[in-house]
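>>> Please find the sequence and the predicted model below.
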Amino acid sequence: RLLLENEPGFEVVADAATGREAVSLAEQHEPDVVVMDIAMPILNGIEAARQIGGRLNRAAIVFLSMHSDESYVLRALKAGARAYLLKDSAEQDLINAIRAVTEGKSFFSPAISKMLVEDYMRQMQRRRVDDSYDLLTPREREILQLLAEGKNNKEVAAFLNLSLYTVETHRSNIFQKLNLHSGAELILYAIRKGVISGG
């Protein structure tokens, strides 16, 4: 809280001790950004984030965690997180993460990005498969990046001057070629491939 209050342009509107309290205060104050710990009493951070996201779809969620393994990162993304920071790097990264999510970008601690990239390379070697990124057309790669940066289909269509139907078709092809099943998986894939940066 001290760190954020000393930052120009930031205002801390509330802080919560439990996940349930976080949901209630978020509804009351409608903040632009919610900084959430994964390990919270009464209602854990993942579930609280899911509820906050369902009720306030414009609030960007930043997670702090001790856990750097991929299953936590994926669960946080599926719950609507736009940023995931390890507690040991939070002091340096928190301000940058909040600025990034307010601009509609994602942010991950460097250690998280590195872990995701290394894990991806290991998977590729183990499966002895060529990288499916090469299957994407230049247009699909462009759309993959815009989606991973947080734009929705309509925004991508407007940005690239394409019809919504064309973007939806490309999106569905991207998901099929890369074997992805959710927006969260798409963001993880894009970080692993260096299509978008974690930080």
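Arrived safely.
>>> drop to CA atoms for contacts and neighbour counts, all remaining ones
OK.
>>> what's the closest non-adjacent residue to residue 35?
residue 62 (4.7 Å; CA to CA, 6 or more residues apart in numbering).
>>> Now do the phi/psi pair for that neighbour.
Dihedral pair for residue 62: phi -110, psi 130, per degrees, to the nearest 10.
>>> residues in contact with it?
Applying CA atoms under 8 Å, 6 or more residues apart in numbering, we find residue 62 in contact with 33, 34, 35, 36, 81, 82, 83, 84, 85, 97, 98, 101.
>>> quick one: which of those has the most company?
Highest neighbour count within the contacts of residue 62: residue 84, with 34 neighbours (other CA atoms under 10 Å).
>>> That one reaches residue 72, doesn't it?
No: judged on CA atoms under 8 Å, residue 84 makes no contact with residue 72 at a distance of 9.5 Å.
>>> what does the domain assignment say about this structure?
1-109, 129-193 (the TED database).
>>> okay if I get those as a markdown table plus distance to residue 115 and mean pLDDT?
Listed next are those as a markdown table, based on distance: least, CA to CA, whole Å; pLDDT from 0 to 100:
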| stretch | distance to residue 115 | mean pLDDT |
| --- | --- | --- |
| domain 1-109 | 8 | 82 |
| domain 129-193 | 9 | 87 |
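>>> Would you mind finding the most buried of the ones you listed?
Comparing the domains of the chain by mean neighbour count (mean count of other CA atoms under 10 Å), domain 1-109 ranks first with a mean of 18.
>>> Good, wrapping up.
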